[in-house]
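> coords please:
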Amino acid sequence: MMMKDMITLHPIGVIHSPYKESKDIPIQGGFNDSVEAWVELKDEYVKGLKDLGEFSHCILLFYFHKSDKENIEGKPFLEEDKHGIFAIRSPHRPNHIGLSVVKIKCIRENKLYFTEVDMIDGTPLLDIKPYVKYFDSREDVVSGWLDKHFKNGKFPNNTIIG
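Down below sits the predicted model:
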């Protein structure tokens with residue numbers, strides 16, 4: 001089987017967030033769960049929201065539209081050492097695809113309101129998937145180089161990007 005040289009994706013909507021600059025965004029949305037944002041879905045995809053409101057969380061796949069570079073290694077915000085791009089969550093990656101698990105607040109017409117926000121305002125949305133604890137949770141998880149930053153259940157001090 002041969003891979004295509006080009007894949008074309010089209011946004012299904014846009015993410016509206018109070019974060020206007022990347023320096024204000026938490027490194028993960030769960031570090032500041034009081035901030036609310038919303039997805040504005042294109043009209044042709046609204047029927048796809050049917051039954052999503054029965055879930056507490058969903059996964060948003062989006063495009064890092066503000067990233068203007070591609071790195072194979074990068075320095076994460078929690079330390080000075082460089083790591084491979086596939087071992088960090090930097091926006092400066094091949095294809096600039098982001099993924100976030102968010103908490104659903106409500107769905108009204110073509111808008112999905114959520115918390116646990118870590119996207120900049122105007123981010124193009126590529127897809128929505130329900131978060132399913134039976135599929136998505138794992139036991140005995142090892143988080144590589146990150147584990148040392150969360151010893152004894154403590155969160156790192158620097159949870160904001162900037």
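
> can you count the residues close to Met119?
By the measure other C-beta atoms under 10 Å, the count of residues near Met119 is 25. C-betas here are computed from N, CA, C, even on glycine.

> and if you look at Lys111?
Lys111 - counted by other C-beta under 10 Å - has 16 other residues nearby.

> Surely it and Asp43 touch.
No. Taking contacts as C-beta atoms under 8 Å, Lys111 lies outside contact range of Asp43: 11.8 Å.

> where are the low-confidence patches of this structure?
1-3, 25-32, 143, 145-146, 153-162 (pLDDT under 70).

> Which strand runs longest in it?
strand 97-108 (DSSP state E).

> Give me the residue at the spatial middle of the protein.
Against the mean C-alpha coordinate of the chain, by C-alpha atoms, centre = their mean, the closest residue is Ser100 at 2.5 Å.

> now that one: how far from Asn152?
26 Å (C-beta to C-beta, to the nearest Å).

> same check, this time on Ser90
Here Ser90 is placed at a distance of 27 Å from Asn152 (C-beta to C-beta).

> do Leu125 as well
Computed with C-beta to C-beta, the distance linking Leu125 and Asn152 is 37 Å.

> just to revisit the earlier point, buried residues in the longest strand of the chain?
Neighbour counts using 16 or more other C-beta atoms under 10 Å place 98, 100-104, 107 of strand 97-108 among the buried residues.

> Could you do stretch 55-62 as well?
So for stretch 55-62, counting by 16+ other C-beta under 10 Å, buried means 57-58, 60, 62.

> that older thread, the residue nearest to the centre of the chain contacts Leu60, doesn't it?
Yes. Here Ser100 lies in contact with Leu60, judged by C-beta under 8 Å, at a distance of 5.1 Å.

> Need the overlap of contacts for those two.
Listed contacts common to Ser100 and Leu60 are Met119; contacts here mean C-beta atoms under 8 Å, 6 or more residues apart in numbering.

> so how far is Tyr63 from the spatially closest residue to Ala87 that is not a sequence neighbour?
Setting aside the residues directly before and after it, Ala87 is nearest to Gly144 in space (C-beta to C-beta, 6 or more residues apart in numbering), at 6.1 Å. Gly144 sits 25 Å away from Tyr63, going by C-beta to C-beta.

> now do Ser17
As it turns out, when the distance is counted by C-beta to C-beta, Ser17 lies 14 Å from Tyr63.

> Which one's more surrounded, the two?
When Ser17 is set against Tyr63 and neighbours are counted by other C-beta under 10 Å, the residue ahead is Ser17, at 22 against 18.

> so the more buried one makes contact with Leu125?
No. Using C-beta under 8 Å as the test, Ser17 is too far from Leu125 to be in contact (11.3 Å).
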